[in-house]
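Undergrad: Give the three-dimensional model of this entry:
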Amino acid sequence: MWVWALVETDFTEDALFRTLFSEALIALGELEGSDSCYAFRVPLLLGGDFSVENLAIESFRAQVGFLSELHQ
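TA: Below you'll find the predicted structure:
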């Protein structure tokens with residue numbers, strides 16, 4: 001069905017992340033420094049919501065470390 005194809009495109013995923021980024025910018029403020037990032041408090045892989053309420057500003061290095069441990 002064409003609607004499903006539209007939902008599954010890279011464009012749609014990019015648009016969703018842009019919207020979430022805009023919401024995070026408003027709710028959490030700008031990132032400070034080069035070592036900060038918006039991160040999901042509960043990763044999507046573990047059932048976290050794809051929402052601004054599930055986002056926090058975290059250390060990029062700490063986030064990458066956490067996700068690498070989660071991957072193992």
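Undergrad: Double-check residue 35 against residue 59; I have them as touching.
TA: Yes. Under the contact definition of Cβ atoms under 8 Å, residue 35 touches residue 59, with a separation of 5.5 Å. Backbone N, C-alpha and C define where each C-beta goes, glycine included.
Undergrad: Look up phi and psi at residue 66.
TA: phi -60, psi -50 (degrees, to the nearest 10).
Undergrad: so who does residue 55 touch?
TA: Residues in contact with residue 55 (Cβ atoms under 8 Å, 6 or more residues apart in numbering) are 20, 24, 27, 28, 38, 39, 40, 41.
Undergrad: Angles on the backbone of it, please.
TA: Taking degrees, to the nearest 10 as the convention, residue 55 sits at phi -110, psi 150.
Undergrad: Is it bridged to anything, and to what?
TA: Residue 55 has the following beta-bridge partners by DSSP bridges: residue 40.
Undergrad: and it, how far is that from residue 72?
TA: For residue 55, the distance to residue 72 equals 24 Å [Cβ to Cβ, to the nearest Å].
Undergrad: for this structure, where's the lowest mean pLDDT among helices and strands?
TA: Among the helical and strand segments of the chain, the one scoring lowest on mean pLDDT, DSSP states H and E is helix 2-7, with a mean of 46.
Undergrad: what does the following helix or strand past that one rub up against?
TA: Next in sequence after helix 2-7, counting helices and strands by DSSP states H and E, comes helix 10-28. Residues from elsewhere that reach helix 10-28, judged by Cβ under 8 Å, 6+ apart: 6, 38, 50, 51, 52, 55, 56, 57.
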